[in-house]
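1. could you look at this predicted model? Sequence included:
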Amino acid sequence: MENRETFTHMFGGWSNAEAYHWKNPDGTTGGIVATSANVDKSAVLEKNSEVWGGARIAENVYIGSRTSIGSRARIGSRTRIGSRARIGDGTRIGPRTSIGYNTSIGDDTSIGYGTSIGYGTRIGRNTRIGHNTSIGYNTSIGDGTSIGSRTSIGDGTSIGDGTSIEAGDWLFVAGPQGSRNAFATAVFSKTHGLRWWIGCQHGITTEMLRGRVEREHADSAEYRDDYLWLVEIVENHPGLKRARAAAEKEAA
């Protein structure tokens, strides 16, 4: 093993560990790597980046400046991560993935190969994103969310906790909504029809949502009317009508 000068470094401003300065393939000095991390010699780590203990970085990976790769994270080959990004502890990122600058990905999240994530995006903990998926810039995806392969999420979208989206699903997001300022996510799939995710209510039908709104906001016409208006807008959305028609045609 190549001899390296090691020192004690405070990762994230709070966790001390033995580390060394990374040497990039072109000979320049790169970021700081914990001695317990495993980084392929072909990787490029820009200055002021950090790779925490137990992380593994495959061949031909690029990591921008001021980016943090959390402990036990796994970064697949030929992945590019922009500057000022944060990859959480235990998170796994597949090969050939592109992650924009100033992006934050929570702990124990899994991202499939060939995925593109725009700058400024926030992805929560314990989230699963399939391969060849496209997520726009400044997008917010909540904890425990599941997004299938080959799915496209537009710029600036906010998706609540626990939402489940598969390839080909129709998606509508609105908010903040109600007394808790939660985002409401409506998803239509050929298998399950129209389902709603709002706060702690995951995958409920429109009938269930209407019933809960009438019960929980019986004394608040403002919140009740806002939710019921949203339901009517979604139910009459031309995109949902097209998705339902396509599903009926396929099933016929």
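-> Okay, I see it. Numbers count the residues shown, from 1 in each chain.
2. do you know how far Ser179 is from Gly53?
-> Per Cβ to Cβ, to the nearest Å, Ser179 is found 43 Å from Gly53. Where C-beta positions appear, they are placed from N, C-alpha and C, glycine not excepted.
3. so for those two, which sits in the more crowded spot?
-> Taking neighbours as other Cβ atoms under 10 Å, Ser179 and Gly53 compare with Gly53 leading, 18 against 12.
4. how much space between that one and Ile105?
-> Distance, Gly53 to Ile105, by Cβ to Cβ: 18 Å.
5. where along this protein do the helices fall?
-> 206-216, 221-235, 238-251 (DSSP state H).
6. can I get those in a markdown table with mean pLDDT and mean neighbour count?
-> Formatted as a markdown table, the helices of the chain follow (pLDDT from 0 to 100; neighbours: other Cβ atoms under 10 Å):
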| stretch | mean pLDDT | mean neighbour count |
| --- | --- | --- |
| helix 206-216 | 91 | 14 |
| helix 221-235 | 90 | 15 |
| helix 238-251 | 91 | 12 |
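7. same list (those) but as TSV, adding distance to Tyr20.
-> Putting those into TSV (distance: least, Cβ to Cβ, whole Å) gives the following:
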stretch	distance to Tyr20
helix 206-216	55
helix 221-235	54
helix 238-251	53
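8. pLDDT score assigned to the closest residue to Pro95 other than its chain neighbours?
-> In this structure, Pro95 finds its nearest non-sequential neighbour in Gly76, 3.5 Å apart by Cβ to Cβ, 6 or more residues apart in numbering. We note a pLDDT of 98 for Gly76 in this prediction.
9. hang on, Gly76 packs against Gly94?
-> Yes - counting by Cβ atoms under 8 Å, Gly76 sits close enough to Gly94 to count as a contact (4.6 Å).
10. against His217, how distant is Ile198?
-> With Cβ to Cβ as the criterion, Ile198 and His217 are 12 Å apart.
11. try Pro25
-> 60 Å.
12. re the thing from before, wait, which of the helices of the chain is closest to Asn60?
-> helix 238-251 (39.6 Å; Cβ to Cβ).
13. show me the contacts for Asp161.
-> Contacts here follow Cβ atoms under 8 Å, 6 or more residues apart in numbering; on that basis Asp161 touches 124, 142-145, 197, 199-200, 202.
14. export the residues you listed to CSV and append columns for distance to Ile63.
-> Output for the contacts of Asp161, formatted as CSV (distance: Cβ to Cβ, whole Å):
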residue, distance to Ile63
Gly124, 22
Gly142, 26
Asp143, 25
Gly144, 27
Thr145, 25
Trp197, 33
Gly199, 35
Cys200, 36
His202, 35
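15. among those residues, which are in strands?
-> 197, 202 (DSSP state E).
16. residues touching the spatially most central residue of the chain, list them.
-> Per Cα atoms, centre = their mean, the C-alpha nearest to the average position across the chain is that of Ile123, at 3.0 Å. For Ile123, the contacting residues are 103-106, 109, 117, 129, 135, 141, 145, by Cβ under 8 Å, 6+ apart.
17. rerun that using 10 Å as the cut-off
-> Counting by Cβ atoms under 10 Å, 6 or more residues apart in numbering, Ile123 touches 87-88, 91, 99, 103-106, 109, 111, 117, 129, 135, 139-143, 145, 147, 159.
18. re earlier: between Gly76 and Gly94, which contacts overlap?
-> Common contacts of Gly76 and Gly94 (Cβ under 10 Å, 6+ apart): 58, 111-114.
19. who touches stretch 17-27?
-> Contacts to stretch 17-27, defined as Cβ under 10 Å, 6+ apart, come from residues 2-11, 28-37, 39, 41-47, 49-54, 57, 60, 62-63, 71.
20. next, count neighbours for Asn38.
-> The burial count for Asn38: 13, using other Cβ under 10 Å.
21. quick one, grab the pLDDT at it.
-> Asn38 is given a pLDDT of 98.
22. surely it and Glu59 touch.
-> No - contact criterion Cβ atoms under 10 Å: Asn38 and Glu59 do not qualify, at 11.6 Å.
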